[in-house]
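**Q** sequence below, structure please.
(one chain, ligands or ions: 3)
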Amino acid sequence: MGLIVQKYGGTSVSDLERIQNVAKRVAKTFDQGNDVVVILSAMAGVTDSLIDMAQEIAESPDKRELDVLLATGEQTTAALLAMTLKQMNYPALSMLGHQAKVVTDCAFGDARIIEIGAEYIMKLIEKRNIVVVAGFQGSDVSGNITTLGRGGSDTSAVAIASAIKADICEIYTDVDGIYTADPNICDKAKKIDRISYDEMLNMASLGAKVLQIRSVGFAKKYNVPVHVRSSFSEEEGTMVVSEDAGMESLVVSAVTHDKDQARITLRKVQDRPGIAANIFAPISEAGIVVDMIIQNTRAEGQTDLTFTVPKAQFSTAMEI
Ligand code: ADP
Ligand code: ASP
Ligand code: MG
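**A** Ligands and ions are numbered 1, 2, ... in the order given. All right, here's what the predicted structure looks like:
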């Protein structure tokens with residue numbers, strides 16, 4: 001018996017049948033005598049469609065109103081799951097981020113959690129309610145609705161788990177754990193049984209979207225054990241925990257990828273000191289972050305210089 005936080009991602013709640021499947025899992029955990037708090041994402045694709053709709057009104061829609069709009073994706077799934085559980089005669093209750101007292105700063109679209117008032121959720125739990133919280137959202141000190149950045153319901157889950165001192169935070173997704181590379185791209189990727197917070201932080205920062213990076217930061221800071229697993233199977237997934245002596249230490253743990261990078265090659269650059277600074281200084285002054293740089297030496301004192309920039313800044317970098 002314990003206090004368990006379960007977070008279900010977009011594909012796990014993409015239609016009513018899948019929401020029923022989630023309800024059965026939640027009910028089973030509850031019937032085993034555990035207290036359960038559920039954090040939900042919006043149905044797969046809904047956040048993207050809401051963004052598209054807003055962009056039909058304006059290329060850069062008002063940020064405050066965009067967050068009000070985006071938060072509705074998670075409001076929908078939270079209500080539908082609570083309704084389904086009630087229909088199955090379970091004492092469930094849905095709530096939005098601000099009702100769960102998730103207080104954030106006021107950076108609309110990318111807000112950070114400042115604190116979570118756990119008392120309200122705890123009171124409901126003590127009365128053996130199943131609390132269903134809309135992920136990805138909170139509110140700032142003035143009461144404005146905020147969202148936590150793409151993939152942010154992972155962070156809602158881990159932050160709430162740490163606030164209510166849950167025994168474990170289970171992240172249910174569409175793959176059965178964390179792999180050495182994205183299993184949807186690399187079929188030779190291997191499942192990892194246990195991974196340290198630090199290694200996972202590294203993978204998340206380099207593009208492995210299986211966990212939002214901030215959720216891993218939270219888990220590390222507050223020592224929340226995270227179990228990443230599939231909502232479609234009973235198989236054990238991957239434990240994300242603090243590093244221990246028994247952890248295998250591999251030279252290469254995993255390979256990550258990031259599709260939002262553009263590559264630029266300058267051919268036949270004169271190979272002499274100072275030239276790289278001449279190229280990169282104006283790019284840096286324009287606020288463009290260059291990630292990887294590779295230099296291939298040619299004959300006759302020339303070199304090919306290749307570097308990557310975020311795709312969104314490709315044309316500005318090319319102009320420079
Ligand atoms: P959810 O909607 O459940 O939050 P996400 O799409 O955000 O799910 O994250 C799960 C996806 O992360 C997987 O479908 C997979 O394609 C991707 N992924 C990227 N790198 C990895 C990795 N190393 N291990 C597992 N999944 C990964
Ligand atoms: N629905 C949000 C997104 O698509 C948050 C999440 O799924 O974690 O980014
Ligand atoms: Mg996600």
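**Q** would you map the helices across this protein?
**A** Here the chain has its helices, by DSSP state H, at 16-31, 46-57, 63-87, 119-126, 153-163, 197-205, 213-222, 275-285, 314-319.
**Q** among these, which is the most enclosed?
**A** Most buried of the helices of the chain by mean neighbour count (mean count of other CB atoms under 10 Å) is helix 153-163; its value is a mean of 29. The C-beta positions use only the backbone N, C-alpha and C, and glycine is treated the same way.
**Q** and residue 64, what does it touch?
**A** By CB atoms under 8 Å, 6 or more residues apart in numbering, the contact list for residue 64 reads 108, 144.
**Q** tell me where the model's unsure across the protein.
**A** Where the chain drops to pLDDT under 70, the residues are 245-253.
**Q** rerun at 50
**A** Along the chain, segments meeting pLDDT under 50 are nowhere present.
**Q** in it, which residue is most central in space?
**A** Centroid check for the chain by CA atoms, centre = their mean gives residue 212 as the closest residue, at 2.5 Å.
**Q** which residues touch the residue nearest to that one when sequence neighbours are not counted?
**A** Leaving aside its chain neighbours, residue 212 sits nearest to residue 151 (3.8 Å; criterion: CB to CB, 6 or more residues apart in numbering). Going by CB under 8 Å, 6+ apart, residue 151 touches 209, 211-212.
**Q** so how far is residue 201 from the residue nearest to the centre of the chain?
**A** Relative to residue 201, residue 212 is positioned 11 Å away (CB to CB, to the nearest Å).
**Q** where does the stretch 1-150 of the chain come near ligand 1, residue by residue?
**A** Residues of the stretch 1-150 of the chain lying near ligand 1 by CB under 6 Å from any ligand atom: 9-11, 41.
**Q** farthest pair within the residues you listed?
**A** Checking those against each other with CB to CB, the farthest-apart pair comes out as 11 and 41, at 8.8 Å.
**Q** give me the more crowded residue out of these two.
**A** residue 41 (30 against 19; other CB atoms under 10 Å).
**Q** these two touch, right, the more buried one and residue 134?
**A** No - counting by CB atoms under 8 Å, residue 41 stays clear of residue 134, with 9.1 Å between them.
**Q** shared neighbours of these two, which are they?
**A** 74, 77.
**Q** returning to what we had before: dump the helices of the chain to JSON lines, plus distance to ligand 3.
**A** Below are the helices of the chain laid out as JSON lines (distance: least, CB to the ion, whole Å):
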{"stretch": "helix 16-31", "distance to ligand 3": "15"}
{"stretch": "helix 46-57", "distance to ligand 3": "10"}
{"stretch": "helix 63-87", "distance to ligand 3": "12"}
{"stretch": "helix 119-126", "distance to ligand 3": "22"}
{"stretch": "helix 153-163", "distance to ligand 3": "6"}
{"stretch": "helix 197-205", "distance to ligand 3": "11"}
{"stretch": "helix 213-222", "distance to ligand 3": "9"}
{"stretch": "helix 275-285", "distance to ligand 3": "31"}
{"stretch": "helix 314-319", "distance to ligand 3": "26"}
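**Q** and the ones you listed: which comes nearest residue 188?
**A** helix 197-205 (17.0 Å).
**Q** can you show me the strands along the stretch 201-320 of the chain?
**A** For the stretch 201-320 of the chain, applying DSSP state E, counting those that start in this stretch gives strands covering 226-230, 238-241, 261-270, 293-297, 302-310.
**Q** need the helices of the chain in TSV with distance to residue 308, can you?
**A** Rendered in TSV, the data for these read as follows (distance: least, CB to CB, whole Å):
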stretch	distance to residue 308
helix 16-31	37
helix 46-57	25
helix 63-87	28
helix 119-126	43
helix 153-163	26
helix 197-205	15
helix 213-222	19
helix 275-285	12
helix 314-319	10
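**Q** write out the residues of the stretch 101-250 of the chain neighbouring ligand 2.
**A** Neighbours of ligand 2 within the stretch 101-250 of the chain, by CB under 6 Å from any ligand atom: 135-136, 150-154.
**Q** farthest pair in those residues?
**A** Across these (CB to CB), the longest gap, 12.0 Å, separates 135 and 150.
**Q** nearest residue to residue 146 in space, please, no chain neighbours.
**A** residue 111 (3.7 Å).
**Q** to clarify, my last question referred to residue 108.
**A** For residue 108, ignoring the flanking residues on the chain, the nearest one in space by CB to CB, 6+ apart is residue 63 at 3.8 Å.
**Q** ok, residue 159 - contacts?
**A** Going by CB under 8 Å, 6+ apart, residue 159 touches 102, 113, 116, 215, 218.
**Q** just the contacts of residue 151 now: which is nearest residue 172?
**A** Taking CB to CB as the measure, residue 211 is the one of the contacts of residue 151 closest to residue 172, at 12.2 Å.
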